[in-house]
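A.B. asks: Take this sequence and fold it.
(chains A and B)
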Amino acid sequence: MLSKRLIACLDVREGRLAKSVRFVDTRDIGDPVEKAREYYEDGLDELVFYDITASSDKRRILLEFVEAVAAEVFIPLSVGGGVRSVADATDLRLAGAEKINVNSAAVQRPELIAECAHAIGAQNVVLSMDVLRVPACSATPSGYEIVINGGRTRMGIDALEWALRGEALGAGELVVNSIDADGTREGYELTLTRMIADAVRIPVIASGGAGVPEHLHEVLTDGHADAALVASMVHFGDYTCSGLKRYLDSQGVKMRMRW
Amino acid sequence: MARTVIVDYDAGNLRSVQRACSEVGLDADIAAEPAAVARADRIIFPGVGQAASAMRTLRRTGLDEALRHAIAAGTPILGICLGLQISLDYSEEGDTACLGLIPGRVRRFAFDDPRLKVPHMGWNEVRVVHPHPVLAGIRPGDEFYFVHAYYPDPDTREAVLAVADYEHEFCCALGVRNYVGVQFHTEKSGRVGLDLIARFARWDGRDQRDREAAC
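C.D. replies: Numbers count the residues shown, from 1 in each chain, chains lettered A, B, ... in the order given. Here you go, the predicted structure:
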């Protein structure tokens, strides 16, 4: 059977690695190509790059950077941030990304998901959703709302409905990122993750809030996630990819243990 | 100078395969011309996408005949993912007649359990069931990266070199004479995947069974 995946997310700003805390304050923490190589050699299953500047004049920096990583890292590479068109997706694929993450632009224009799925294959289109916990109401009956622009803009769209719509439009995978949990190190949003993982038939990657190895175990078991995304835990050297995988393996979670 | 060619038929991103070759010291050209494929000393036939449209492109460009010529000539060929699938006779994907380099069919995963996700995507263990020079060195527990909704089902059991499990056991590597094909993305499978490409780069196109038959 399939192993659960450990995915590391590198937030990149103008070719440097940044890490946000609750999506607002960002700190520069080093050379992302070097980090990518280090994680790859230490057993990471998949890498995600998120370009948090993503302004059009800086696209070239991102493409060059993706090429540099793809030349050294031979695991699936997923890239997002500012993907607004099939041309953006195709450029990133040519630079060496397997999977393309769409987020805000897909919320504003959902057909983008279908267009990308048609152009590069549904399995390569990852719908990344930023989700805020809200009081359940008629617009957001699940009690979770989609936000964009790094969490700053509430869209009045129900997160569960959006996940199902994304799947129907051709997304091959979902990243469920809890804005409430992001950067807190207090654990993933288990209720949210499980609700979405149980509703769709595509893999769900849990994101936001991991602080200790037990959090990964929780979300991969109780949270029904197929993959756990980490950032701060490994970026600051508190934990290693291999150490996290050894822990999960010891707890009976099926992981890829040889690399 | 030995020429290794990666067949370009507009089916996905070939540069990741080329980068992986380069990492193991195999200099490979991406080529779309049938003549370049026909005279190659070694061929990698990758691909991501849909069987019917891939076959249309191969027929239109004449690459189908170039590949048939190469397999008959004994050129070592490595099929990857869709490249492997369309090397068989037939694919259920789009009800498509394929190249027929390898006798067999390509079937879709069909599960009663709605919780089993299709495509089969992620890392899974590859178990070698028949020794082959290109798979030598894969150890129990080694995992490779898969992304596919269809799997190859060759006509003869002897063609099955390795299997993986996803609800049921399926063939994930097959070999007939100078052809070896893998369903997983060996170019994205870390060290074990790169090692497989390195072994293919050294392979003379004969498997153990040919040698036994020759003795």
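A.B. asks: CA only for contacts and neighbour counts going forward, please
C.D. replies: Noted.
A.B. asks: residues of stretch A:177-189 that come out buried?
C.D. replies: Buried residues in stretch A:177-189, counted by 16 or more other C-alpha atoms under 10 Å in any protein chain shown: A:177, A:178, A:179, A:180, A:181, A:182, A:183, A:184, A:185, A:187, A:188, A:189.
A.B. asks: let me fix that: stretch B:3-17
C.D. replies: B:4-9, B:11-17.
A.B. asks: Distance of residue A:171 relative to residue A:117?
C.D. replies: As judged by C-alpha to C-alpha, to the nearest Å, residue A:171 and residue A:117 stand 7 Å apart.
A.B. asks: of these two, who's got more company?
C.D. replies: residue A:171 (27 against 21; other C-alpha atoms under 10 Å in any protein chain shown).
A.B. asks: what's the pLDDT at that one?
C.D. replies: Predicted confidence (pLDDT) for residue A:171: 96.
A.B. asks: likewise residue B:111?
C.D. replies: 83.
A.B. asks: what sits against it?
C.D. replies: If you count contacts by C-alpha atoms under 8 Å, 6 or more residues apart in numbering or on different chains, residue B:111 has them with residue B:167.
A.B. asks: how close does it get to residue A:169?
C.D. replies: Residue B:111 is 22 Å from residue A:169, by C-alpha to C-alpha.
A.B. asks: ok, the residue nearest to the spatial centre of chain A - contacts?
C.D. replies: By C-alpha atoms, centre = their mean, chain A has its centre lying nearest to residue A:175, at 4.8 Å. With contact taken as C-alpha under 8 Å, 6+ apart, residue A:175 is in contact with A:126, A:127, A:128, A:129, A:204, A:205, A:206, A:207.
A.B. asks: Only whichever of the residues you listed are buried, select them in ChimeraX.
C.D. replies: To isolate the buried subset of the contacts of residue A:175 in ChimeraX, counting by 16+ other C-alpha under 10 Å, use the following:
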select /A:126,127,128,129,204,205,206,207
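A.B. asks: Among the buried residues of stretch A:177-189, which ones are in strands?
C.D. replies: Using DSSP state E, A:177, A:178 are the members of the buried residues of stretch A:177-189 that sit in strands.
A.B. asks: so residue B:19 is in which element?
C.D. replies: helix B:15-23 (DSSP states H and E).
A.B. asks: Give me the contacts around that helix.
C.D. replies: A:70-72, A:74, A:94, A:96, B:6, B:27-30, B:46, B:187-188, B:194, B:197-198.
A.B. asks: Those in strands, which ones?
C.D. replies: Short answer: the contacts of helix B:15-23 in strands (DSSP E) are B:6, B:28, B:29, B:30.
A.B. asks: hang on, the earlier thing: with secondary structure and pLDDT added, can I get the contacts of residue A:175 in CSV?
C.D. replies: Putting the contacts of residue A:175 into CSV (DSSP: H, G, I helix; E, B strand; the rest coil; pLDDT from 0 to 100) gives the following:
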residue, secondary structure, pLDDT
A:126, strand, 97
A:127, strand, 98
A:128, strand, 96
A:129, strand, 97
A:204, strand, 96
A:205, strand, 98
A:206, strand, 98
A:207, strand, 97
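A.B. asks: Please state the offset of the helix or strand harbouring residue B:170 from the chain centre?
C.D. replies: Using DSSP H and E, residue B:170 sits in strand B:168-176. Remark: strand B:168-176 is offset 10 Å from the chain centroid, using C-alpha atoms, centre = their mean, to the nearest Å.
A.B. asks: That strand - what's its average pLDDT?
C.D. replies: Rounded mean pLDDT across strand B:168-176 is 97.
A.B. asks: Quick check, residue B:90 in contact with residue B:102.
C.D. replies: No: Residue B:90 lies out of contact with residue B:102 (C-alpha atoms under 8 Å); the separation is 9.8 Å.
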